[in-house]
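Engineer: Give me a 3D structure for the following:
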Amino acid sequence: LIVALCLTAAAAFQAPASVAQPRSTVVKAFESEIGAQVPLGFWDPLGLLADADQERFDRLRYVEIKHGRIAMLAVLGQITTKAG
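Structural biologist: Reported below is the predicted structural model:
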């Protein structure tokens with residue numbers, strides 16, 4: 001019984017038989033856009049633009065810039081409030 005328990009415990013630390021290959025998150029359609037870096041290219045980790053067209057890309061970029069500006073105003077408001 002003790003030997004069987006030791007063997008099953010040791011088997012738990014073995015590597016899995018098959019390892020799934022990681023998916024690529026580089027989108028080739030928007031390589032010429034601003035923000036695409038040479039080593040990674042256009043990086044889309046969530047796959048939001050996997051089958052998107054230029055209109056969807058432009059919309060997501062516009063929304064990202066808008067939210068960034070709102071966040072900067074929020075930080076400025078926090079600093080102003082703390083300063084009195």
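Engineer: use CA for all of it now, contacts and neighbours both
Structural biologist: Will do.
Engineer: Quick check: which ranges of this structure have low pLDDT?
Structural biologist: 4-29 (pLDDT under 70).
Engineer: Recalculate using a threshold of 80.
Structural biologist: Counting by pLDDT under 80, the chain has low-confidence residues at 1-45, 84.
Engineer: So which residues of the chain form helices?
Structural biologist: 2-11, 54-83 (DSSP state H).
Engineer: so which of those helices gets nearest S32?
Structural biologist: helix 54-83 (11.9 Å; Cα to Cα).
Engineer: out of the helices of the chain, nearest to Q37?
Structural biologist: helix 54-83 (16.1 Å).
Engineer: Just the buried positions in the closest one, please.
Structural biologist: Neighbour counts over helix 54-83 (16 or more other Cα atoms under 10 Å) mark no residue as buried.
Engineer: any idea how far V75 lies from R69?
Structural biologist: 10 Å (Cα to Cα, to the nearest Å).
Engineer: ugh, wrong one, L76
Structural biologist: 11 Å.
Engineer: same check, this time on I2
Structural biologist: If you go by Cα to Cα, the gap between I2 and R69 works out to 64 Å.
Engineer: ditto for R59
Structural biologist: 16 Å.
Engineer: what do you get for G77?
Structural biologist: 12 Å.
Engineer: residues touching F57, list them.
Structural biologist: F57 sits next to L49 when contact means Cα atoms under 8 Å, 6 or more residues apart in numbering.
Engineer: measure it to E33 for me?
Structural biologist: For F57 relative to E33 (Cα to Cα), the value is 10 Å.
Engineer: Now that we have the helices of the chain, can you turn them into TSV and tack on distance to L46?
Structural biologist: Formatted as TSV, the helices of the chain follow (distance: least, Cα to Cα, whole Å):
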stretch	distance to L46
helix 2-11	35
helix 54-83	13
